[in-house]
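**Q** What would the 3D arrangement of this be:
(chains A and B)
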There are 2 protein chains.
Amino acid sequence: MFQEKDISPLIKEAIHALSRLPGVGKKSAQRMVFHLLRRDKDTAMSIGQVLPRLVTQIHHCKSCRQFTERDICEICISRQHAAQLCIVESPMDLLAIENSGAYQGRYFILHHYLSPIDGIGPEELGIQTLETLLTSGDFEEVIIATNGSVDGETTAHFLKMKLEQFPVKISRIAQGIPLGGELEYTDSATLAQALYHRQSVS
Amino acid sequence: MFQEKDISPLIKEAIHALSRLPGVGKKSAQRMVFHLLRRDKDTAMSIGQVLPRLVTQIHHCKSCRQFTERDICEICISRQHAAQLCIVESPMDLLAIENSGAYQGRYFILHHYLSPIDGIGPEELGIQTLETLLTSGDFEEVIIATNGSVDGETTAHFLKMKLEQFPVKISRIAQGIPLGGELEYTDSATLAQALYHRQSVS
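**A** Here you go, the predicted model:
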């Protein structure tokens, strides 16, 4: 990497700070710093202004644990009468589902997978908040939309057990071959699931 | 992309600002924002603190046009008696040469390629500053280390003509096959250069 001794301390500090962003290595951080210096001081100022506000003013929605500046987030307010609740692990997962355009209900965000070994228990997942939400709301269906990974499956299983006390239909997003996917290149576990959950078309 | 309407304005603003960094798309910016919110508020604060300082306190070294907080940069001071001057296009190129460990002299940074069509003339390249540096310094050799691209070559040719008035040896970094490069996969122009500039080994 670059010779530390001969570089401006402030440039070094900026490279170091940016290289702590996910997916940004030292070389990309260098490129960002020189780009900002040479061509885009405005962006540097905008980022400098917005990031501290972001992490001080944003917190969890009291109802669904989505990140928001308000007490109750935009989705919880605009869809307060929705009959469906979709449980996801992260805000990125929420965005992915929103982008599909196939869902108009409310969400609940866990922010973690259940992982007793890492000290992530029901409390960290906000199960208490989820239970309050289900008691106070008028939901007909809860869709468990955790990932298809081992952690996601374990968490889904745990949620299913927790939710059985409520008078709601509990679903799990379907697993199978992806759209456009070829059987030849699909892993055998996915193929087994796709066969097991086959749907009648006759 | 994500549904604008249902996302916190502050999160949207942060995603927008970060997506203006080079090499960062909307999806990476989303990932960065949620990463900062969930796991690394310190990094958000550091970046927020350093970027505005970076673009307000850093300027060009009066001697070599490197980015620095001082009037004269670290390299110009520590190597003030160097007999070699290496002309590069960008600070990234300077870092690349420093990383090679093969050069201990001073630098001059153009910050642009010569491009009359884009309004980039000798003034934008700092030719006046370069001439002052060469008049006042005690250089024996000037190495033109612009890229091997058409723009780099044009600029190198222009610099060569400008420098002929000075009593210094003028060199251009060598072109040829890269270390570990295979002839079979080397483009023909590079191969022609490598043959033309062949060196005696007997």
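**Q** Can you pull out the low-pLDDT segments for chain A?
**A** A:1-5 (pLDDT under 70).
**Q** Going along the chain, name the helices of chain A.
**A** In chain A, the helices defined using DSSP state H lie at A:9-18, A:26-39, A:41-57, A:74-78, A:91-100, A:127-136, A:150-163, A:188-196.
**Q** any chance of those helices in CSV, plus mean neighbour count and distance to residue B:184?
**A** Where you see a C-beta, it was placed from the backbone N, CA and C, and this is true even at glycine. Compiled in CSV, the helices of chain A are given as follows (neighbours: other CB atoms under 10 Å in any protein chain shown; distance: least, CB to CB, whole Å):
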stretch, mean neighbour count, distance to residue B:184
helix A:9-18, 20, 38
helix A:26-39, 19, 29
helix A:41-57, 19, 43
helix A:74-78, 18, 57
helix A:91-100, 17, 44
helix A:127-136, 16, 62
helix A:150-163, 17, 45
helix A:188-196, 13, 40
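**Q** could I get the ones you listed as TSV with distance to chain B?
**A** As requested, these are exported to TSV (distance: least, CB to the nearest CB, whole Å):
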stretch	distance to chain B
helix A:9-18	4
helix A:26-39	5
helix A:41-57	4
helix A:74-78	5
helix A:91-100	4
helix A:127-136	17
helix A:150-163	16
helix A:188-196	24
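**Q** Please name whichever of these is nearest to residue B:52.
**A** Nearest of the helices of chain A to residue B:52, taken as CB to CB: helix A:41-57 at 4.0 Å.
**Q** can you give me the offset of that closest one from its chain's centre?
**A** Here the centre of helix A:41-57 is set off from its chain's centre by 22 Å, with CA atoms, centre = their mean, to the nearest Å.
**Q** Can you name every helix or strand that that helix contacts?
**A** Helix A:41-57 sits against helix B:9-18, helix B:26-39, helix B:41-57, with contacts defined as 3 or more CB pairs under 8 Å, 6 or more residues apart in numbering or on different chains; DSSP states H and E.
**Q** which one of these lies closest to residue A:97?
**A** Nearest of the helices and strands packed on helix A:41-57 (CB to CB): helix B:26-39, 13.8 Å.
**Q** circling back to that earlier point, make JSON lines from the helices and strands packed on helix A:41-57 and add distance to residue B:172 to it.
**A** JSON lines is the format used below for these (distance: least, CB to CB, whole Å):
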{"stretch": "helix B:9-18", "distance to residue B:172": "40"}
{"stretch": "helix B:26-39", "distance to residue B:172": "38"}
{"stretch": "helix B:41-57", "distance to residue B:172": "33"}
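**Q** Make a markdown table from the helices of chain A and add distance to residue B:143 to it.
**A** Below are the helices of chain A laid out as a markdown table (distance: least, CB to CB, whole Å):
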| stretch | distance to residue B:143 |
| --- | --- |
| helix A:9-18 | 24 |
| helix A:26-39 | 21 |
| helix A:41-57 | 31 |
| helix A:74-78 | 58 |
| helix A:91-100 | 48 |
| helix A:127-136 | 65 |
| helix A:150-163 | 55 |
| helix A:188-196 | 57 |
